[in-house]
Each structure stands twice: as C-alpha cells, then as structure tokens.
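1. Pasting the sequence and the predicted coordinates here, then a few questions.
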Amino acid sequence: MNEFILVLLALLCLGVSCQPITDSQRLFSIVVSRVQHLHLLAQKIFSDFENTLQTEEQRQLNKIFLQDFCQSDYILSPIDKHETQRSSVLKLLSVSFRLLDCWEFPSRSLSTGSTQRNQISLKLSELKTGIMLLIRENQDPADVLPDGSYGSYYQTVAAEESLSRTYELLACFKKDMHKVETYLTVAKCRLFPEANCTL
C-alpha cells in the first residue's frame, strides 16, 4: 500500500512542480489572499454606498470623481500594466506598503458598520506587517527603504462631511486596494513562476 502511495505521488509530481513551499512563498500567498479579500470588501462597501444613492446623485458624483483624482495618486507607482510588469519586486512591495499605509488612519472613518471598519483596520495592519517582512527579505543591502509611516494622504471624514467626499473616499479606497492586489500578484508571480500565474 505504501508503494502505491509513493508511485501516485511520483506521478503527481511529474505534472506539477513538487518543489517544497518556502516560507517566502507561504507569506506571499497569505498576503495576496488577504489583499484579495480586502479588495472585495472595498468593492462591497462602495457598492453598498452607491445603492443608497438616488440615480441622479450617483450620476453627478461619478462625473465629479472622474474629473478628480485620489490623493494617493501622488505616490509614485507604475502607471499601466506594462510598467507594472517591468517593475522590480522590491518596488512593487514598497508601493503596496505606501498605499496601505496611507489608508491606515482614514480606514477608521469609512462610512460602514463598525464590524467592517474593524475588519478593514485589522487587515490593513496585517498586510503592512506581511509586506514589511517581504520587503526585508527581498531587499538588496545596497537599497535602504525608509522606516516608519509614509504619512496619511487622506484626512479623516467627519460624519457631517459631504456626500461627494464620502463617495470620493470610498472610490479611492477601492481603486487603491485594486492596485495593491495587482502589484502583489505580479511580485509573487515574478518570484515564483512555478505558481503558474496568469496576469
């Protein structure tokens, strides 16, 4: 029976890479999984907010937002798919860290239930910790990344803030979480091609 299991495993290894999973691969998988969940949560929060609006309100806010930009656009990051794929793993990790960092404080003000707010704050904090570990692991000793906070690009949104400000904040949060998900997925695929990624 044991011989049968060994033969079966050997056959499976022929079709699939049987390299052992490293701690770095495991951490990357966890980080990518967490940011995917956070991006889905951001989409849901934004969608729920849009559903509370009247059609005309939504149309007007969408027009305003399309003309505006997110404060995090000041963070230097790849501008398109090709630049993202050419960027180094360290650059993608660093930009991801900066994007998450700029949302840590304002995430507490997003107009959602307290359970979702707590989820968001916790996930942002966990992701930052995971990405910092990956940065240290992938950092060339010649490159020195600054420690500490990169500063908040967003001001807190008070309860009496305008509808347009809340819309902008939620739309930017969704946009930034999509960027982070993309950057981390590309970085993971670059480091571990055996993960059989499709981008």
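-> Noted; the coordinates are in hand.
2. For the rest of this, base every contact and every neighbour count on C-alpha atoms.
-> Noted.
3. Now do the same for residue 76: helix, strand or coil?
-> Assigned by DSSP: H, G, I helix; E, B strand; the rest coil, the conformation of residue 76 is coil.
4. That one: what's its closest spatial neighbour, skipping adjacent residues?
-> Using C-alpha to C-alpha, 6 or more residues apart in numbering and skipping the chain neighbours, the partner closest in space to residue 76 is residue 95 (7.4 Å).
5. That neighbour contacts residue 74, correct?
-> No. Applying C-alpha atoms under 8 Å, one finds residue 95 not in contact with residue 74, separated by 11.2 Å.
6. okay, those two: which has more neighbours?
-> Higher neighbour count among residue 95 and residue 74: residue 95, with 19 against 9, using other C-alpha atoms under 10 Å.
7. can you list contacts of the one helix or strand the more buried one maps to?
-> Assessed by DSSP states H and E, residue 95 sits inside helix 89-101. Applying C-alpha atoms under 8 Å, 6 or more residues apart in numbering, the external contacts of helix 89-101 come out as 72, 75-77, 84, 124, 127-128, 131-132, 134-135, 138-139, 149-152, 176-177, 179-180, 183-184, 187, 190-191.
8. ranges for the helices of this protein?
-> 2-15, 23-51, 55-67, 81-86, 89-101, 114-138, 163-191 (DSSP state H).
9. Which of these sits closest to residue 108?
-> helix 114-138 (5.8 Å; C-alpha to C-alpha).
10. looking only at pLDDT, what's the mean for the closest one?
-> Regarding helix 114-138, the rounded mean pLDDT is 82.
11. buried sites along it?
-> Within helix 114-138, the residues that qualify as buried are 116-117, 119-121, 123-125, 127-128, 130-132, 134-135, counting by 16 or more other C-alpha atoms under 10 Å.
12. which helices and strands does it pack with?
-> helix 23-51, helix 89-101 (3 or more C-alpha pairs under 8 Å, 6 or more residues apart in numbering; DSSP states H and E).
13. Just name the most buried of those helices.
-> Using mean count of other C-alpha atoms under 10 Å, the stretch among the helices and strands packed on helix 114-138 with the largest mean neighbour count is helix 89-101, at a mean of 22.
14. pull the CA atoms of it into CSV?
-> Extracted in CSV, the C-alpha atoms of helix 89-101 (Å, rounded to 0.1, in the frame of the first residue of the first chain):
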residue,chain,number,x,y,z
VAL,A,89,9.6,43.1,-6.8
LEU,A,90,11.0,45.5,-4.3
LYS,A,91,9.4,48.5,-6.0
LEU,A,92,6.0,46.7,-6.2
LEU,A,93,6.2,45.8,-2.5
SER,A,94,7.3,49.3,-1.5
VAL,A,95,4.4,51.0,-3.4
SER,A,96,2.0,48.5,-2.0
PHE,A,97,3.2,49.3,1.5
ARG,A,98,2.8,53.0,0.9
LEU,A,99,-0.7,52.6,-0.4
LEU,A,100,-1.8,50.6,2.6
ASP,A,101,-0.1,52.9,5.0
